[in-house]
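# give me the fold of what follows.
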Amino acid sequence: MNWIPGYDSLEPNYGFLYFPATILVKIGIFSDNRSFWQSKFPMIAVQRERDFANRSMWWKVLLFAGLVAVTVSEVGGQGDACPANYERALGNGPCLRFSAAADRQSYQDARQTCEGEGGRLVVIKDAALNTFIVDRIKATYQAETWIGLDELDGPPGVYTWSDGSVLQPGDFEDWSGVLNVQQPDSTYGEECVEIRAPAPFLYDWNNHHCRYRKNYVCEIAPDCPCDLDVMFLVDGSSSIGSEGFALAKEYIAHFINCFDCPRIGFILCKCEVNTSIPLCYYDYVRDATTAVGEIETCPSLTRIGYCIKHMQCTTDWKEGVPSIVVILTDGRIYGTIDGRYTEDVIGYAEAARDAGMEVYAGAIGREVFVDETALEEISGSEDRTFSTFDEDPSVLVAILTIRHCGYCYALVKYLPEKRKC
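Sure thing, here's the model as predicted:
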């Protein structure tokens with residue numbers, strides 16, 4: 001087990017803390033009920049009502065309660081999230097398997113082997129993962145190793161990763177340039193990419209003939225110790241603004257990064273509602289965060305109500321798994337008649353909750369414009385509203401995982417050497 005640094009001497013499951021934490025919750029010390037605070041701590045109750053953003057403090061109280069009760073062996077799935085013979089890269093990276101030194105295969109055979117195990121040849125889209133793999137190859141004295149990049153299925157010179165994405169100008173790459181030959185050079189029909197060494201090659205990328213037998217690296221998505229379906233509905237209207245929309249995407253990306261496997265979806269709520277990322281479309285954290293970052297919007301009217309309806313009609317929730325809906329908006333729902341929203345947003349939200357979905361509403365956009373009353377009506381409860389302005393995404397992760405999985409992923413936010421949510 002990879003116990004949390006500094007806690008090696010403690011009992012791994014923190015069992016001695018669970019009972020007092022449970023008692024504190026049961027007697028109401030961590031209660032968010034207004035009457036409780038007004039009767040027992042009136043000064044705190046007054047402060048609590050002053051500002052919408054201050055509610056984040058009470059979320060953090062609940063987070064603390066969860067941290068006290070958490071079992072260290074379950075946090076974030078660290079160490080136990082990978083299948084047998086696979087190892088975790090970079091704390092929250094993919095699970096990798098490096099072929100044994102004697103296990104050398106052609107590119108196509110290596111690809112088939114990885115896919116047969118439920119994975120793929122490794123995709124390298126940043127320097128950190130590339131360095132991790134190179135260091136591991138050096139340590140095992142492997143000289144030539146296939147990675148999941150080739151030009152087999154596209155036009156010459158267009159390289160495609162095993163996840164289907166095309167290597168674009170500006171993307172991370174580490175092509176070799178030794179011997180005054182800049183790779184890739186496809187002069188001789190070399191269509192598959194390896195990490196090549198030893199000298200004069202420097203463990204950089206080289207395209208080579210796919211038929212040659214080499215070592216290889218498979219990657220596979222980690223197992224999911226906490227299974228949740230989370231659908232984000234994001235307001236793309238003019239009142240949110242481009243900066244607010246960018247911050248909303250950043251919030252979602254950090255949320256995803258708290259999990260081993262991102263069972264999430266993304267629906268953009270604007271004039272023409274569309275599902276930007278279907279639920280559970282991506283199995284890998286970095287694939288999902290990259291896709292979120294690429295979503296764009298343009299100034300338009302708010303269509304949160306239609307967005308909720310679209311979500312209900314099109315989302316394929318996994319049976320037996322909690323269905324979580326997170327609506328990010330400023331609450332400025334477009335158009336009212338006699339105090340009622342023309343879209344009947346509240347009605348759509350109520351229908352979603354009646355259908356068994358757990359609805360949360362988070363404030364985004366310009367803080368001065370936020371309609372907190374609308375957020376509470378959308379979520380159905382003050383306890384399920386939050387602010388992205390002053391609240392780390394790991395707080396929402398903590399709420400969901402404590403409620404549905406019995407422990408808290410968000411403790412990893414305190415371990416930057418492993419992962420930061």
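
# and this protein, what are its domains?
Split into domains by automatic domain parsing, the chain comes to 1-81, 87-220, 226-390.

# so how far does the longest one reach from one end to the other?
Across its full length, domain 226-390 reaches 26 Å between end residues, using Cα to Cα, to the nearest Å.

# what do you get for the second one?
Start-to-end span of domain 87-220 (Cα to Cα) is 10 Å.

# what pLDDT, on average, does that domain get?
Mean pLDDT, domain 87-220: 88.

# check stretch 392-406 too.
79.

# send the alpha carbons of that stretch over as PDB?
Only the C-alpha atoms of stretch 392-406 are listed here, as PDB (Å, rounded to 0.1, in the frame of the first residue of the first chain):
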ATOM      1  CA  ASP A 392     -12.300  24.200  -4.800                       C
ATOM      2  CA  PRO A 393     -13.800  21.500  -7.000                       C
ATOM      3  CA  SER A 394     -12.600  18.800  -4.600                       C
ATOM      4  CA  VAL A 395     -15.200  20.000  -2.100                       C
ATOM      5  CA  LEU A 396     -18.000  18.900  -4.500                       C
ATOM      6  CA  VAL A 397     -16.100  15.700  -5.000                       C
ATOM      7  CA  ALA A 398     -15.900  15.100  -1.300                       C
ATOM      8  CA  ILE A 399     -19.700  15.700  -0.900                       C
ATOM      9  CA  LEU A 400     -20.500  13.200  -3.700                       C
ATOM     10  CA  THR A 401     -18.000  10.500  -2.700                       C
ATOM     11  CA  ILE A 402     -18.800  10.700   1.000                       C
ATOM     12  CA  ARG A 403     -22.500  10.500   0.300                       C
ATOM     13  CA  HIS A 404     -22.400   7.700  -2.300                       C
ATOM     14  CA  CYS A 405     -19.100   5.800  -1.700                       C
ATOM     15  CA  GLY A 406     -18.500   6.100   2.000                       C
END
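
# buried stuff in it?
Across stretch 392-406, burial judged by 16 or more other Cβ atoms under 10 Å covers 392-402, 405. The C-beta positions use only the backbone N, C-alpha and C, and glycine is treated the same way.

# next, give me the two most distant ones among these.
392 and 405 (18.8 Å; Cβ to Cβ).

# do you know how far the residue nearest to residue 280 when sequence neighbours are not counted is from residue 275?
Nearest residue to residue 280 in three dimensions, chain neighbours excluded: residue 263, at 5.0 Å (Cβ to Cβ, 6 or more residues apart in numbering). Distance from residue 263 to residue 275, counting by Cβ to Cβ, to the nearest Å: 15 Å.

# who has more neighbours, the two?
When neighbours are counted by other Cβ atoms under 10 Å, residue 263 comes out ahead of the other of residue 263 and residue 275, with 22 against 17.

# what pLDDT does that one get?
For residue 263, pLDDT reads 83.

# OK, contacts around it?
224, 227-230, 279-280, 318, 321 (Cβ atoms under 8 Å, 6 or more residues apart in numbering).

# would you check which pair of those lies furthest apart?
It's 224 and 279 that sit farthest apart of the contacts of residue 263, by Cβ to Cβ, at 14.0 Å.
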